[in-house]
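Trainee: How does the following fold in three dimensions:
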Amino acid sequence: MDAGGAGPGTAPTSSGSAILDVIRAAGTISRVELTRATGLTAATISTVVRRLIDEGLVVEAGRAESTGGKPRMLLQLDPAARFAVGVHLDHAGITYVIANLGGQVVARWRRPGTGSDDPRDVVARIAAEISATVARVGVDPARLLGVGVVSPGPLSTSTGMTLAPPVMQHWADFPLAEAIEDAVGLPVLLDNDATASALGEYWSGGVPTGAVCAALYMATGIGAGIIVDGTVYRGRSSNTGEIGHVCVDVDGPRCWCGGRGCVEVLAGPTAVVARATAAGIALPGRNVTEDFAALARAASRGEDVPMRLLAESARYLGVAAQALANILDLDLVVLTGASFAHAGSLYLPIVQEQLRTGFFARATHDVRVTISSHASESAAVGGAALVLQAELAPRQARMRMVVDTLTEMPAGSGVA
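Mentor: Numbering: from 1, shown residues only. This next block holds a predicted model:
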């Protein structure tokens, strides 16, 4: 789409994308306010807004209250103008969402995970699920922009998971984006789950504009996504925030990543579940996610061993959050991911206390810690947000979200 009349999936002009993003963030806004917010001339605003209205992307939503002169006409996005699909691929489960242009989720569902299935079979399953649900909820396929697929990192554009967790080793070097594009027939953007969660949190309003935020992500693994003033910080290969693989014990156990004493191998859900099993606690035993959820419920009931195990894990996570806060001078940490959906209330006070007492710049400002309102599906929401934000940010719409070389990234590229 562009501001001059192209169809879905075509990148907007730079002025059109800037205006769309400001309207999205504001909810409703007048043309005069758009001029102030974007720095564009009134004539440019008038021309581009008219084209966006003709495209069906923006609608006039009534007039503001009069302040003495003629009341100003308010503008807002038409959320039903475009849609995107988000898919979170994980061993324990595959989570799907369909979101509209305003970022609201119009459908969400979860299916069995990848397990030991052949990746090609899983891709066929994903394509069938998307097709069936789009038809069921009545979304016009012509208004679908694409699919955002997120999975554990690190990732590469051409090969997907370059270093897969042990339970997903058969996905290493599988051409994930290409395979799903071929099966679904829509453009595919690829990102790691923690980064996508951060973007989804911002897109859905959980991160204020201007904030420096880390989305601390815990599902079966641990990572973080970083948002700086509405922009995802990606780093050299879009694999920033791997705090699960920061060493906190140089003589600690070997991690699947090849390092020793990583936060994830000491404090991640897999490690917590293993310690619980060794302590004789009976767990469902179907997968790490369900076992960790059972432990969280037991800890919430006040059972001693589960409480102790989760508190130990939370202290490590607090140290990881402190490191991020000290390096990035954060003002917000959001706990998100399936494991925090189950145990966030148990981790929150411990992470808060670690930051209250250990954050280097604590005399200057606090670091606020919250739990995501959609923690269990945050990665899938972020996958849809990848596609939606690409529609509003033309510099990224012509490339996948994960880059292998700096030469693939246009000068000035930053986010999603």
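Trainee: where does the closest residue to Glu65 other than its chain neighbours sit relative to Ser46, distance-wise?
Mentor: Excluding the flanking residues, the one nearest Glu65 by CB to CB, 6 or more residues apart in numbering is Pro71, at 6.7 Å. Where you see a C-beta, it was placed from the backbone N, CA and C, and this is true even at glycine. The gap separating Pro71 from Ser46 is 17 Å, by CB to CB, to the nearest Å.
Trainee: related to what we said a few turns ago, shouldn't the residue nearest to Glu65 be in contact with Val32?
Mentor: No - using CB atoms under 8 Å as the test, Pro71 is too far from Val32 to be in contact (11.4 Å).
Trainee: elements contacting the helix or strand that Glu60 is a member of?
Mentor: Assigned by DSSP states H and E, Glu60 belongs to strand 58-63. In this structure, strand 58-63 packs against helix 42-54, strand 73-77, with contacts taken as 3 or more CB pairs under 8 Å, 6 or more residues apart in numbering; DSSP states H and E.
Trainee: Name the strands paired with it and say parallel or antiparallel.
Mentor: Using DSSP bridges, the strands paired with strand 58-63 are strand 73-77 (antiparallel).
Trainee: Now do the buried residues in the partner strand.
Mentor: In terms of neighbour count (16 or more other CB atoms under 10 Å), strand 73-77 has its buried residues at Leu74, Leu75, Gln76, Leu77.
Trainee: What of stretch 369-377?
Mentor: Counting neighbours by 16+ other CB under 10 Å, one finds that the buried residues in stretch 369-377 are Val369, Thr370, Ile371, Ser372, His374, Ala375, Ser376, Glu377.
Trainee: From the chain's centroid, how far away is that stretch?
Mentor: Using CA atoms, centre = their mean, to the nearest Å, the mean C-alpha position of stretch 369-377 is found 11 Å from that of the whole chain.
Trainee: circling back to that earlier point, could you dump the helices and strands packed on strand 58-63 into CSV with distance to Val22 and mean pLDDT added?
Mentor: Formatted as CSV, the helices and strands packed on strand 58-63 follow (distance: least, CB to CB, whole Å; pLDDT from 0 to 100):
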stretch, distance to Val22, mean pLDDT
helix 42-54, 10, 92
strand 73-77, 10, 91
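Trainee: Looking at these, which one is packed in the most?
Mentor: By mean neighbour count, with neighbours taken as mean count of other CB atoms under 10 Å, strand 73-77 ranks first of these at a mean of 19.
Trainee: Mean confidence (pLDDT) on the helix or strand hosting Val122, please.
Mentor: Here Val122, judged by DSSP H and E, is contained in helix 119-137. Across helix 119-137, the average pLDDT comes to 93.
Trainee: hmm, who's touching that helix?
Mentor: Contact partners of helix 119-137, identified using CB atoms under 8 Å, 6 or more residues apart in numbering, comprise 85, 87, 89, 94, 96, 98, 106-107, 109, 111, 114, 141, 144, 147, 170-171, 174, 176, 179-180, 183-184.
Trainee: Can you report how many residues lie near the nearest residue to Asp78 once chain neighbours are set aside?
Mentor: Spatial nearest neighbour of Asp78, excluding adjacent residues (CB to CB, 6+ apart): Val59 at 4.9 Å. The burial count assigned to Val59 is 15, neighbours taken as other CB atoms under 10 Å.
Trainee: contacting residues around Val59?
Mentor: With CB under 8 Å, 6+ apart as the criterion, the residues that contact Val59 are Ile53, Leu75, Gln76, Leu77, Asp78.
Trainee: Quick one: those as a markdown table, columns for distance to Gly337 too.
Mentor: Output for these, formatted as a markdown table (distance: CB to CB, whole Å):
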| residue | distance to Gly337 |
| --- | --- |
| Ile53 | 39 |
| Leu75 | 35 |
| Gln76 | 31 |
| Leu77 | 28 |
| Asp78 | 32 |
